[in-house]
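**Q** below are the sequence and a predicted model; questions follow.
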Amino acid sequence: MGIVIGLLIFGGILLLFSFYLVSLYNNLVALRNRFKNAFAQIDVQLKRRYDLIPNIVETAKAFMTHERETLEAVINARNTAMSAGQKAAANPGDPSAMQNLSTAEVALAGSMTKFLGLAEAYPDLKSNQNMLAVQEELTSTENKVSFARQAFNDAVATYNTACESFPGNLVAGFGRFERASFFEITAQQEREAVKVSF
């Protein structure tokens, strides 16, 4: 009788431990899905920005006829960033995809800053209603990208903490949960949103 009770207690403890491990695994899955969803929000705002950039360039073409090289640089940087964004969206936890996206976004911000600086010299462009409307949309989108990036980085931090903390690290290793990368902009000047007002 004592052996049966001992086996029942051992079986109960084993069952509770199994439920605990399943709970840890499910929590890691939920946290991974949360940071992927957070990146999807960034992706939506980046696509919105990528769609606005050709509109602003197209509006500027009529006024900035001598700045063709700058306009082409903006479009090329936009296309590169868009491609990097698609790769990052496919696997937002991949460090190389996130690094490529950060690099492409820095290049895009640089080309947009140069473009908008040159646009200052064109008073008719600065007062154009289409240009003003697109600028307003772009400013709003830049703010949304910043908020979405912060939410993504918060979700990644929570996920990484769960993967690195004991006993979650054991389950993470067994379940092949990889550490996720933040969406970071490294240089201080690159951290600032593109200023789009004239």
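**A** In hand now; what should we look at?
**Q** C-alpha from now on. contacts and neighbour counts both.
**A** Noted.
**Q** in the protein, which spans are helices?
**A** Using DSSP state H, the helices of the chain run over 2-61, 68-90, 95-119, 123-126, 129-164, 168-174, 188-191.
**Q** can you list these in CSV and add mean pLDDT and mean neighbour count?
**A** CSV is the format used below for these (pLDDT from 0 to 100; neighbours: other C-alpha atoms under 10 Å):
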stretch, mean pLDDT, mean neighbour count
helix 2-61, 91, 16
helix 68-90, 93, 18
helix 95-119, 90, 19
helix 123-126, 78, 16
helix 129-164, 91, 18
helix 168-174, 91, 17
helix 188-191, 45, 12
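**Q** mind putting those helices in CSV, distance to residue 180 included?
**A** Below are the helices of the chain laid out as CSV (distance: least, C-alpha to C-alpha, whole Å):
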stretch, distance to residue 180
helix 2-61, 9
helix 68-90, 12
helix 95-119, 7
helix 123-126, 42
helix 129-164, 6
helix 168-174, 12
helix 188-191, 21
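**Q** to residue 182, which of the ones you listed lies closest?
**A** With C-alpha to C-alpha, the closest approach to residue 182 among the helices of the chain belongs to helix 129-164: 5.4 Å.
**Q** one step back: looking at the helices of the chain, which is closest to residue 181?
**A** helix 95-119 (5.2 Å).
**Q** quick check: angle from that closest one to helix 2-61?
**A** Per axes from the mean of the first three to the mean of the last three C-alpha atoms, to 10 degrees, the angle that helix 95-119 makes with helix 2-61 is 20 degrees.
**Q** which strands or helices does helix 95-119 pack on?
**A** helix 68-90, helix 188-191 (3 or more C-alpha pairs under 8 Å, 6 or more residues apart in numbering; DSSP states H and E).
**Q** so what does the longest one touch, helix or strand wise?
**A** Applying 3+ C-alpha pairs under 8 Å, 6+ apart, we find helix 68-90 packed against helix 2-61, helix 95-119.
**Q** can you list contacts of it?
**A** Applying C-alpha atoms under 8 Å, 6 or more residues apart in numbering, the contact partners of helix 68-90 are 39-40, 43, 46-47, 50, 53-54, 57, 61, 94, 97-98, 100-101, 104-105, 107-108, 111-112, 114-115.
**Q** which one of the helices and strands packed on helix 68-90 lies nearest to residue 177?
**A** helix 2-61 (7.7 Å).
**Q** and the closest one, how far from the chain's centre?
**A** 16 Å (C-alpha atoms, centre = their mean, to the nearest Å).
**Q** kindly report the same for stretch 148-160.
**A** Here stretch 148-160 is found 9 Å from its chain centre; the criterion is C-alpha atoms, centre = their mean.
**Q** and for stretch 143-162?
**A** 8 Å.
**Q** hey, C-alpha coordinates of it in PDB?
**A** Coordinates of each C-alpha in stretch 143-162 appear next as PDB, following Å, rounded to 0.1, in the frame of the first residue of the first chain:
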ATOM      1  CA  ASN A 143       5.700  59.100 -35.500                       C
ATOM      2  CA  LYS A 144       3.800  55.900 -35.900                       C
ATOM      3  CA  VAL A 145       7.000  54.100 -36.900                       C
ATOM      4  CA  SER A 146       8.700  55.300 -33.800                       C
ATOM      5  CA  PHE A 147       5.900  54.100 -31.500                       C
ATOM      6  CA  ALA A 148       5.700  50.800 -33.300                       C
ATOM      7  CA  ARG A 149       9.500  50.300 -33.000                       C
ATOM      8  CA  GLN A 150       9.300  51.000 -29.300                       C
ATOM      9  CA  ALA A 151       6.500  48.400 -28.900                       C
ATOM     10  CA  PHE A 152       8.500  45.900 -30.900                       C
ATOM     11  CA  ASN A 153      11.600  46.400 -28.900                       C
ATOM     12  CA  ASP A 154       9.600  46.100 -25.600                       C
ATOM     13  CA  ALA A 155       8.100  42.800 -26.900                       C
ATOM     14  CA  VAL A 156      11.600  41.500 -27.900                       C
ATOM     15  CA  ALA A 157      13.000  42.400 -24.500                       C
ATOM     16  CA  THR A 158      10.200  40.500 -22.700                       C
ATOM     17  CA  TYR A 159      10.700  37.500 -25.000                       C
ATOM     18  CA  ASN A 160      14.500  37.500 -24.600                       C
ATOM     19  CA  THR A 161      14.200  37.800 -20.800                       C
ATOM     20  CA  ALA A 162      11.900  34.800 -20.800                       C
END
